[in-house]
Structure formats: structure tokens, C-alpha cells
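[1] Just the structure for this:
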Amino acid sequence: MTAGATGAGGKTLPSSAFAPLRQPVFAVLWAATILGNVGTFMRDVASAWLVTDLSGSPAAVAMIQVAGTLPIFLMAIPAGVLSDIVDRRRLLIGVQVMLGLISATLLSLALANRLTVEILVGLTFLGGIGAALMGPAWQAIVPELVPRPELRNAVALNSLGFNIARSIGPALGGVLLVAFGAAATYGADLLSYVVVIAALLWWRRPAGADDALHERFGGAFRAGLRYARASRELHRVLLRAVLFFICASAIWALLPLVARRLLEGGAGFYGLLLGAVGAGAIVGAAVLPRIRARTDADGIMLGATLITAAVSGALAAAPPQWLAVLLLLVLGGAWIAALTTLNGTIQAILPDWVRGRGLAIYLTVFSGASAAGSLLWGLVAEAVGLQATLVAAAAALVVVAFTVRRLELPMGEADLTPSSHWPEPAIAWPVEHDRGPVTVTIEYRIARQNRAGFLAAMSRLASERRRDGAFAWGVSEDAAEPERIVEWFMVESWAEHLRQHARVSRADADIQAEVAQFHAGPHPPVVTHLLGLHSQP
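    Residues are numbered from 1 along each chain as shown. Here you go, the predicted model:
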């Protein structure tokens with residue numbers, strides 16, 4: 001049953017968690033992504049194990065983890081800019097080719113028995129760069145592959161696919177490594193990239209999916225930051241994400257010690273706990289659409305946060321191993337519910353022109369908060385002990401669960417498709433695209449009794465202007481004629497203002513129409529475009 005279907009009495013029924021797989025392109029790319037991630041996990045397992053053979057230093061082993069994750073934190077935002085200014089399909093193909101070459105190099109060096117710790121760390125770092133470049137682009141194409149009502153289910157399936165790969169990849173990599181050696185493991189990873197590249201080549205992205213006005217990297221970077229600064233909805237999601245991930249990261253950071261010290265298990269039991277998380281994520285993704293039909297995003301986040309707190313507190317009590325496995329199963333369901341809710345909300349509030357950059361900022365916040373939280377809880381555990389730390393993390397999660405209730409997540413129901421209702425600006429002669437700054441003025445006639453309502457509407461319009469590209473905005477009255485009020489905003493170039501024309505959404509158009517209702521002049525508000533002049537030396 002598709003999203004939005006109605007049953008008896010006109011009640012909306014939840015769509016199936018797997019409904020997006022009915023879209024052939026999404027299904028093929030989703031399956032290819034799982035296979036590619038499985039290969040990546042296999043590669044990382046082989047590299048980490050080889051380092052233990054080449055060096056007994058814990059620092060050397062840790063460097064493999066750092067080399068794989070640090071580029072994602074450092075490069076997510078530049079990668080998001082790239083995903084918005086170049087063809088995303090071509091970018092993804094290029095990244096997959098790069099990752100395939102890395103695995104081919106590892107394969108060749110393994111066959112020649114010439115791998116060293118330095119080479120493994122360096123190539124793992126390059127692989128991390130590839131992952132950083134791929135993440136925002138891969139998430140940004142999801143709205144192109146499924147209908148909007150299925151977007152949240154598609155996001156959930158992407159999270160589910162990653163958890164499937166995380167459950168299968170390390171185990172399969174370990175089997176191949178023991179049975180056939182590192183070269184075979186790297187070879188299997190290389191084959192996975194071939195499959196992903198073939199799937200991307202098979203996908204024919206619509207020719208009109210990219211903006212006609214091409215953005216340069218520097219300008220696109222600044223436009224993304226301006227949007228992030230001006231979007232209050234984005235601020236709320238990011239703040240909720242920071243608070244949740246910092247507190248919830250305690251379990252992930254301390255789980256190896258929990259398995260060894262509190263639960264008296266070995267490496268196999270630790271793997272079983274991780275597998276339970278993956279299994280719980282699969283179950284959680286399957287039932288999440290029905291949960292969404294009964295509660296909103298804030299209700300899901302409240303439940304997921306409280307469940308995570310309960311699991312943290314229960315693990316502190318050193319339960320029997322069988323109960324710990326069940327607790328991690330429940331944790332997996334709560335974890336994917338939180339991830340999907342936050343990621344789906346981000347997807348729903350971002351217009352396509354800045355989608356990659358917005359997702360990159362979210363990924364940066366996610367990785368930064370998780371890393372900072374892991375460090376924080378590790379230091380706390382050093383000071384007060386493992387069990388006390390788990391209890392403290394549980395208490396922090398409970399506090400966060402109830403204190404952020406006032407900071408509601410946005411509904412994400414606004415129509416962000418371009419309205420195309422702005423007329424072409426009047427110009428006497430062609431204007432160079434890089435000329436600027438450009439000052440745009442809109443002259444209104446506002447009766448004195450309507451001024452308060454007009455200014456309230458203008459405050460909402462201000463955020464829209466800044467999100468779409470203005471670096472300065474204001475509203476002024478004529479000292480000689482107070483009913484003459486001028487709104488003005490500045491953009492950095494003529495090309496950026498033309499992009500504003502394409503960025504204005506239908507939801508933005510509704511705000512502008514609300515402002516225009518206060519205009520009392522005989523003609524529509526007068527719009528003027530002023531181009532900056534630079535004095536000659």
C-alpha cells in the first residue's frame with residue numbers, strides 16, 4: 001500500500017517500510033550501496049588485522065580507525081558543496097572509481113607482500129576521503145529516486161542498508177581473511193565497486209536535475225553557510241542531534257569494555273552484541289512506519305532517547321549475557337528510529353539547491369558530536385568508573401529527552417519546489433554575472449494602522465531572503481513620508497541574485513504574498529536592482 005492510502009472512514013494508513021523498493025532505480029542503487037558498504041567493511045577489517053601483524057603498537061591500530069573517520073569530519077562540508085554544484089551521478093561514479101583504485105593498489109601490494117603500516121594508514125585515509133565525498137551526494141539523490149511521501153521510508157531503508165552491511169561486512173571480511181588471505185579480501189572489495197559503478201552507469205539521471213546557473217566552489221560554500229545561519233528549522237534539528245548523539249555515544253564508546261569487564265565476554269560475544277544491534281535496526285526499520293502513523297517526530301525521538309537511557313542504565317547493572325543481547329537488540333531499534341527521524345527531517349526541510357550542503361553540515365555535526373561524546377564519556381569512565389558513567393549517561397539522556405520537548409522538530413511539510421514567480425529583472429544592457437554587490441529594494445505603501453502586522457510578516461520574510469542568498473537585509477521608512485517603507489537586501493553578485501530567482505520556493509511565495517497584502521499603493525510594490533560601482537584609481 002502506498003503512502004497516503006486511506007482505509008475505512010478515510011483514515012490515512014501507514015505505508016510499508018519497504019514501499020520505496022517498488023521504485024526500480026532506488027531498489028537497484030540501494031542494493032548496490034549495501035554491497036559497496038559490505039566491501040568497505042571487509043577492506044577495513046583486513047587493513048586493521050594486517051596492522052596487528054605488522055606492529056604490536058595500539059597506537060598503530062588506532063591510527064587505522066582515525067585515518068578512516070577523520071576525513072569525514074574534515075571534508076563533509078566541502079563534499080556537500082561539490083554535490084550541489086556538479087552532477088551528483090558523475091561525482092558518485094568518480095568516487096567509486098577512486099575507491100576501486102585504492103582497493104586495487106591494496107590488492108597488488110598484498111600479492112607482492114609489500115604492505116607496511118604507513119601504506120595501510122595512507123590508503124585508509126584516502127578511502128576515508130572517498131567516503132567523505134560520497135556521503136552527502138549519495139543522500140542528496142534520494143529525493144530524486146522516490147516520491148516525496150516515501151522520502152522518510154527511503155531514508156530509513158538507507159540506514160537499514162548500512163546496518164545490514166555493518167553486520168555482514170566485518171564477519172565476511174574476517175572469514176575471507178582467515179581462509180584466503182588479505183589479497184582475496186581486497187579483491188572482493190574491488191569487485192563490489194565494479195557492481196556499484198555498473199548500477200550508477202545504468203541510472204539515467206534526468207537532464208534537468210542540475211541548476212542552469214553553475215555555481216563556483218567558493219560562492220557555493222558561502223551560500224551554504226548563509227543558508228545554515230538563516231535557517232531556524234535547521235538549527236533546531238542540529239541542536240537536537242548534538243544533544244542526543246553526545247549523550248548516546250557513551251554506549252558505543254564503552255561497549256567493548258562493557259562486553260569484557262561487566263559482562264565477562266570475549267571477542268565473539270562482543271561481535272554478537274554488535275550483531276544484535278544490527279538485527280534490532282532491521283526490526284525497527286520494519287515497524288517504524290506504523291509508529292510514525294501513531295505519533296510525530298518528537299514522540300519518536302522521546303521514545304528512542306528514553307529507550308537508549310534505559311539500555312545504558314540496565315547495562316550498568318551487569319545483566320546476564322542473554323539479557324544484554326536482548327537489550328542491544330532493543331537499542332538497535334531505538335537507534336535507527338532516532339537516526340531515521342533526524343535524517344528524514346533534515347531531508348524534508350532542505351530545498352534541492354542546498355540539499356548536499358545541508359546534509360554535509362548534519363553529517364559533520366553527527367560525527368563531531370559522536371567523537372566529542374566518546375571522548376567525554378571515556379574521560380568520565382577513567383575518573384569514576386564504567387558503571388557510574390553508564391548511569392550518568394542514562395541520566396543525561398533522560399534530562400535531554402524532556403528538556404528538548406519545547407524545541408520541536410519541524411514538520412517538513414512545506415512545498416519547497418521552485419515557484420518561478422519572480423519576473424525577470426529589468427536591465428538596460430546585459431550584466432556580467434560576477435558583477436556585484438547587488439542591492440535589491442522593494443518599495444511598499446503601508447498604512448500606519450497596518451505597520452505592526454506588516455513588520456511581523458517581514459520578520460518571516462527576512463529569514464527567507466537570507467536563506468536564499470542575501471548577506472544583508474533591512475527595512476527602512478522614509479523620514480519625509482513614513483507610509484513609504486523600503487525593504488532592501490544585498491547579494492554578492494548578479495549571478496547569485498539570478499539564482500535567488502530560481503531558489504524561491506512555493507512556501508516562500510506564500511510568505512511574500514502575505515507581506516504584499518499589506519501594500520496599499522495603487523500599483524504593485526516597486527522593485528529596483530542597484531549594481532555596485534567601483535571608483536577608478
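[2] Against V398, how distant is T528?
    Look at T528 and V398: by C-beta to C-beta, to the nearest Å, they are 55 Å apart. Just so you know, the C-beta spots here come from the backbone N, C-alpha and C atoms, and that holds for glycine as well.
[3] Who has more neighbours out of the two?
    With neighbours defined as other C-beta atoms under 10 Å, T528 and V398 compare such that V398 has more, 18 against 13.
[4] what's the distance between the more buried one and T116?
    For V398, the distance to T116 - C-beta to C-beta - is 48 Å.
[5] Could you do P206 as well?
    46 Å.
[6] between those two, who's got more neighbours?
    T116 (13 against 7).
[7] tell me the pLDDT at that one?
    We have a pLDDT of 87 for T116.
[8] And it, how close does it get to Y186?
    Distance from T116 to Y186, by C-beta to C-beta: 15 Å.
[9] and if you look at E118?
    17 Å.
[10] Same drill for those two, tell me which one is more crowded.
    Y186 (29 against 11).
[11] Would you mind giving the secondary structure of the most far-flung residue of the chain relative to its centre?
    Note on the chain: the largest C-alpha distance from the chain mean falls to A480, namely 50.2 Å (C-alpha atoms, centre = their mean). Classification of A480 using DSSP: H, G, I helix; E, B strand; the rest coil returns coil.
[12] what sits against it?
    Applying C-beta atoms under 8 Å, 6 or more residues apart in numbering to A480 gives no contacts.
[13] got it, and M458?
    V475, E487, V515.
[14] Could you do D44 as well?
    D44 touches I64, G68, T124, G127, P170, G173, counting by C-beta under 8 Å, 6+ apart.
[15] If I look at the first one, what pLDDT would I see?
    Just to be clear, that refers to I64. 68.
[16] Equivalent analysis for the second one, please.
    The predicted local distance difference test score for G68 is 75.
[17] Mind telling me what element the closest residue to it other than its chain neighbours is part of?
    Nearest residue to G68, sequence neighbours excluded (C-beta to C-beta, 6 or more residues apart in numbering): G128, at 4.7 Å. Using DSSP states H and E, G128 sits within helix 117-140.
[18] Distance from the chain centre to that helix, please.
    17 Å (C-alpha atoms, centre = their mean, to the nearest Å).
[19] Stretch 314-325 now?
    The answer for stretch 314-325 is 32 Å, by C-alpha atoms, centre = their mean.
[20] So for it, first residue to last residue, what's the gap.
    Start to finish, the residues bounding stretch 314-325 are 12 Å apart (C-alpha to C-alpha, to the nearest Å).
[21] List the buried residues of it.
    A314, L315, A316, A324, V325 (16 or more other C-beta atoms under 10 Å).
[22] Return the closest of these with respect to F221.
    L315 (42.2 Å; C-beta to C-beta).
[23] The strand or helix carrying that closest one - what's its average pLDDT?
    Element membership of L315, judged by DSSP H and E, is helix 297-316. Here helix 297-316 scores 95 as its mean pLDDT.
[24] three-state assignment of L533?
    Going by three-state DSSP: L533 is coil.
[25] ugh, wrong one, I meant A188
    helix.
[26] ok, it - contacts?
    Taking C-beta under 8 Å, 6+ apart as the test, what A188 contacts is G39, M42, L176.
[27] quick one: which helix or strand includes the most centrally placed residue in the chain?
    Nearest residue to the geometric centre of the chain (C-alpha atoms, centre = their mean): L359, 3.4 Å. Assigned by DSSP H and E, L359 belongs to helix 355-384.
[28] what about the residue nearest to L99 when sequence neighbours are not counted, how many neighbours?
    Among residues not flanking L99 along the chain, G130 sits closest, at 4.5 Å (C-beta to C-beta, 6+ apart). The local packing of G130 (other C-beta under 10 Å) involves 23 other residues.
[29] before we move on, the earlier item: quick one: mean pLDDT over the helix holding L359.
    Mean predicted confidence for helix 355-384 is 85.
[30] Likewise for stretch 97-111?
    Mean predicted confidence for stretch 97-111 is 94.
[31] and if you look at stretch 265-274?
    On average, stretch 265-274 scores 73.
[32] and for it, what are the contacting residues?
    166-167, 170-171, 255-256, 259-260, 263, 321, 324-325, 328.
[33] And that stretch, what's buried?
    Buried, per 16+ other C-beta under 10 Å, within stretch 265-274: G265, F269, Y270, G271, L272, L273, L274.
[34] can I get these in CSV with distance to A426?
    Formatted as CSV, the buried residues of stretch 265-274 follow (distance: C-beta to C-beta, whole Å):
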residue, distance to A426
G265, 74
F269, 73
Y270, 68
G271, 68
L272, 70
L273, 66
L274, 63
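[35] JSON lines please, covering these and showing secondary structure.
    JSON lines is the format used below for the buried residues of stretch 265-274 (three-state DSSP):
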{"residue": "G265", "secondary structure": "coil"}
{"residue": "F269", "secondary structure": "helix"}
{"residue": "Y270", "secondary structure": "helix"}
{"residue": "G271", "secondary structure": "helix"}
{"residue": "L272", "secondary structure": "helix"}
{"residue": "L273", "secondary structure": "helix"}
{"residue": "L274", "secondary structure": "helix"}
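[36] for those, which one is nearest A520?
    For the buried residues of stretch 265-274, the nearest to A520 is L274 (66.0 Å; C-beta to C-beta).
[37] Which strand or helix spans S476?
    Going by DSSP H and E, S476 is part of strand 472-477.
[38] Now the host helix or strand of P71: buried residues?
    In this assignment (DSSP H and E), P71 forms part of helix 58-85. Within helix 58-85, the residues that qualify as buried are 60, 63-64, 67-73, 75-85, counting by 16+ other C-beta under 10 Å.
[39] Helix 117-140 and that one, what's the angle between them?
    Taking axes from the mean of the first three to the mean of the last three C-alpha atoms, to 10 degrees, helix 58-85 and helix 117-140 form an angle of 30 degrees between their directions.
[40] domain assignment for the chain?
    What automatic domain parsing lists as the domains of the chain is 17-210, 215-413, 438-531.
[41] Check the average confidence over stretch 195-206, would you?
    For stretch 195-206, mean pLDDT rounds to 90.
[42] Now do the buried residues in it.
    Quick answer for stretch 195-206 (16+ other C-beta under 10 Å): V196, I197, A199, L200, W203, R205.
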